[in-house]
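Trainee: Structure for the following, please:
(chains A and B)
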There are 2 protein chains.
Amino acid sequence: MTTTFANTSAPPYYAVIFTSVKRDDHGYDETSRRMYELASKRPGFLGVESARGDDGLGITVSYWISLEAIAGWKQDIEHLEAQRLGRDKWYSGYVTRIAKIERAYDFIAK
Amino acid sequence: MTTTFANTSAPPYYAVIFTSVKRDDHGYDETSRRMYELASKRPGFLGVESARGDDGLGITVSYWISLEAIAGWKQDIEHLEAQRLGRDKWYSGYVTRIAKIERAYDFIAK
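Mentor: Alright, predicted model coming up:
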């Protein structure tokens, strides 16, 4: 995925906060890369940030221009199959939260 | 911090999405634990989820009952000092986003 900050515009915009615990890795990285490739081409995609610690807990936040853009991505045919694999294989559990970003501020060290 | 899902209630509620890149570790873990201890005692605190990958990018999402609860925590005296240390020492950069959680759903493998 990415290792940088998502270059989002001024609020308001929307986010999908996906917190997961992995139980299996088989085929995960390949699908993860493909999902990033697909998502980043969709209309309304603003960016994504992702981190997973050694304890297996991961957080991926994707940013979108609208709820409609999020709903469209959720129904993408390859993404639907990845979601099914996630439930059947990769994740012992996850929480998905849909959020409206109301304010944002950043800091870059000099 | 925690390695489990935040046990949040039904939406709406609020989140602080804090994405950061670390540049220095000195004293970080101790302060991180102390901030969790303080935040979890505050009125309106719902939970926190946190992950940091080997590339140094970390995402911490704390959940709160209201924007007022978030504003109160931001102004906590020990937290203000931790924020200053974050800028002066620990982080090469960060983005803080304040969000309203509108919908949430979860999955637990059988």
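
Trainee: Just give me the neighbour total for A:Tyr105.
Mentor: Counted with other C-beta atoms under 10 Å in any protein chain shown, residues neighbouring A:Tyr105 total 9. No exception for glycine: its C-beta is placed from N, CA and C like everyone else's.

Trainee: and if you look at A:Lys89?
Mentor: Close neighbours of A:Lys89, defined as other C-beta under 10 Å, add up to 16.

Trainee: Name the residue of chain A with the shortest distance to chain B.
Mentor: With C-beta to the nearest C-beta as the measure, A:Ala99 is the residue of chain A nearest to chain B, at 3.8 Å.

Trainee: Point out where chain A drops to low pLDDT.
Mentor: In the prediction, chain A carries residues with pLDDT under 70 at positions A:1-3.

Trainee: in chain A, which spans are strands?
Mentor: A:13-22, A:45-52, A:57-64, A:91-108 (DSSP state E).

Trainee: hmm, back to that, for the nearest residue to the residue of chain A closest to chain B once chain neighbours are set aside, what are its contacts?
Mentor: Closest residue to A:Ala99 apart from its sequence neighbours, by C-beta to C-beta, 6 or more residues apart in numbering or on different chains: B:Ala99 at 3.8 Å. Residues near B:Ala99 by C-beta atoms under 8 Å, 6 or more residues apart in numbering or on different chains: A:Ala15, A:Ile17, A:Ala99, A:Lys100, A:Ile101, A:Glu102, B:Tyr14, B:Ala15, B:Val16, B:Ile17.

Trainee: What's the local residue count around the closest residue to the second one other than its chain neighbours?
Mentor: If I follow you right, that is A:Ile17. Computed as C-beta to C-beta, 6+ apart, the closest residue to A:Ile17 that is not its neighbour in sequence is A:Arg97, at 4.4 Å. Using other C-beta under 10 Å, A:Arg97 has 25 neighbouring residues.

Trainee: bridging residues for A:Arg97?
Mentor: Note on A:Arg97: beta-bridge partners A:Ile17, B:Ala104, judged by DSSP bridges.

Trainee: surely it meets B:Ala15?
Mentor: Yes: look at A:Arg97 against B:Ala15 with C-beta atoms under 8 Å: they come within range, at 7.2 Å.

Trainee: for the nearest residue to A:Gly44 once chain neighbours are set aside, what are its contacts?
Mentor: Distance criterion C-beta to C-beta, 6+ apart; nearest residue to A:Gly44, sequence neighbours excluded, is A:Ala69 at 2.8 Å. Applying C-beta under 8 Å, 6+ apart to A:Ala69 gives the contacts A:Tyr14, A:Arg42, A:Pro43, A:Gly44, A:Phe45.

Trainee: Please identify the buried residues of the longest helix belonging to chain A?
Mentor: In chain A, with assignment by DSSP state H, the single longest helix is helix A:28-41. Of the residues in helix A:28-41, A:Tyr28, A:Thr31, A:Met35, A:Tyr36, A:Leu38, A:Ala39 count as buried by neighbour count, 16 or more other C-beta atoms under 10 Å in any protein chain shown.

Trainee: swap in stretch A:38-57?
Mentor: Residues A:38-39, A:44-53, A:57 are the ones in stretch A:38-57 that count as buried (16+ other C-beta under 10 Å).

Trainee: Much appreciated, bye for now.
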